[in-house]
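Asker: below: sequence and its predicted model.
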Amino acid sequence: MVATDVDGTLIDHDERVTARTKAAVTALISDGVPFVLATGRPPRWIDPVVDGLGYAPLCVCGNGAVIYDSATDKVLASHTLDVSTLAWLADLAERVLPGCGLAAERVGATAHDAVTPQFVSSPEYEHAWLNPDDTAVARHEVIDAPAIKMLIRLPGANSGDMRALLAPFVDGRADITYSTDHGLIELSAPGVSKASGLAAVAQRLGVEHSGVVAFGDMPNDVPMLTMVGHGVAMANAHAEALAAADEITGPNSDDGVAQILERWWS
């Protein structure tokens, strides 16, 4: 099985699946090898990747909190932070990281479930992404429903420093990671990571962990890179991902994923 992160890994700096990468993925799928996306993205942000690949894979979304079948647009499983934990984390974050904004990512039965407000943020929350969801609500509304992850944003801060400050106080009530260095950390239910999500997919498909190749570039990829048989970090990867990997490939801007896949499938 091959599993790959999306941003900074599978797609280039223009957020496209290049022709070379698409061809490499198509070749391995044609050979009967399961191909899985493992991303911090929520299910509703998977469609452009599916369009670029020309293939709808199983997906580990939300840093492992969601298993999503993009072919049928169904959420197969999810793990959430409950309301009481969200409230506790919100108070803690605002005390330890003064000035931060809060957001919550939720999930419904499908990627575009209109019944479930899938992303909500406090007025203080400043988006770290281009073309963000425009969903500012009152602070209490951010934490009034279970969420697959809480996002804590502190503009101008370093994400690694934020994690280091908050982690000693969390005391196992959430897992903390980050996928950008730009003042954003992401909290999931205890034990939830890309590794746990990928393990669930591997079990579903009957694949041993030792038979998985995985690609990634950021700290949220580290658990996945260390659990698989062969973990590959991109040349553009964060130092933590580079240290965790068995091999380093080219950058995402130079089809680093394809460079490895072409060894076996071309």
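Answerer: The structure has been received and is ready for your questions. Being a predicted model, the structure only gives us computed values, none of them experimental.
Asker: tell me which element residue 84 falls in.
Answerer: Assigned by DSSP states H and E, residue 84 belongs to helix 83-96.
Asker: in the helix or strand that that helix is followed by, what counts as buried?
Answerer: Per DSSP H and E, the first helix or strand lying C-terminal to helix 83-96 is strand 101-105. When burial is assessed from 16 or more other Cβ atoms under 10 Å, strand 101-105 yields the following buried residues: 101-105. For glycine as for every other residue, the C-beta is placed from the backbone atoms N, C-alpha and C.
Asker: kindly export strand 101-105 (C-alpha atoms) in PDB.
Answerer: Taking only C-alpha atoms (Å, rounded to 0.1, in the frame of the first residue of the first chain), the coordinates of strand 101-105 have been written out as PDB:
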ATOM      1  CA  GLY A 101      -8.100  32.500  18.100                       C
ATOM      2  CA  LEU A 102     -10.000  29.200  18.200                       C
ATOM      3  CA  ALA A 103     -11.600  27.200  15.500                       C
ATOM      4  CA  ALA A 104     -13.200  23.700  15.200                       C
ATOM      5  CA  GLU A 105     -13.400  21.300  12.400                       C
END
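Asker: circling back to that earlier point, so can I have TSV of the buried residues of strand 101-105 showing pLDDT and distance to residue 243?
Answerer: Below are the buried residues of strand 101-105 laid out as TSV (pLDDT from 0 to 100; distance: Cβ to Cβ, whole Å):
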residue	pLDDT	distance to residue 243
101	97	31
102	97	31
103	96	29
104	96	31
105	95	28
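Asker: pick the one among those closest to residue 73.
Answerer: Of all the buried residues of strand 101-105, residue 73 sits closest to residue 105, with 17.6 Å by Cβ to Cβ.
Asker: please, where are all the strands along the chain?
Answerer: Applying DSSP state E to the chain gives strands spanning 2-4, 35-38, 58-61, 66-69, 74-78, 101-105, 119-121, 149-153, 175-177, 184-188, 213-216, 230-233, 247-248.
Asker: so which of those strands is nearest residue 93?
Answerer: Checked against Cβ to Cβ, the stretch from these lying closest is strand 149-153, at 4.9 Å.
Asker: which strands or helices does the closest one pack on?
Answerer: Strand 149-153 sits against helix 83-96, strand 101-105, strand 184-188, with contacts defined as 3 or more Cβ pairs under 8 Å, 6 or more residues apart in numbering; DSSP states H and E.
Asker: format those as TSV; extra columns: distance to residue 265.
Answerer: Compiled in TSV, the helices and strands packed on strand 149-153 are given as follows (distance: least, Cβ to Cβ, whole Å):
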stretch	distance to residue 265
helix 83-96	43
strand 101-105	34
strand 184-188	32
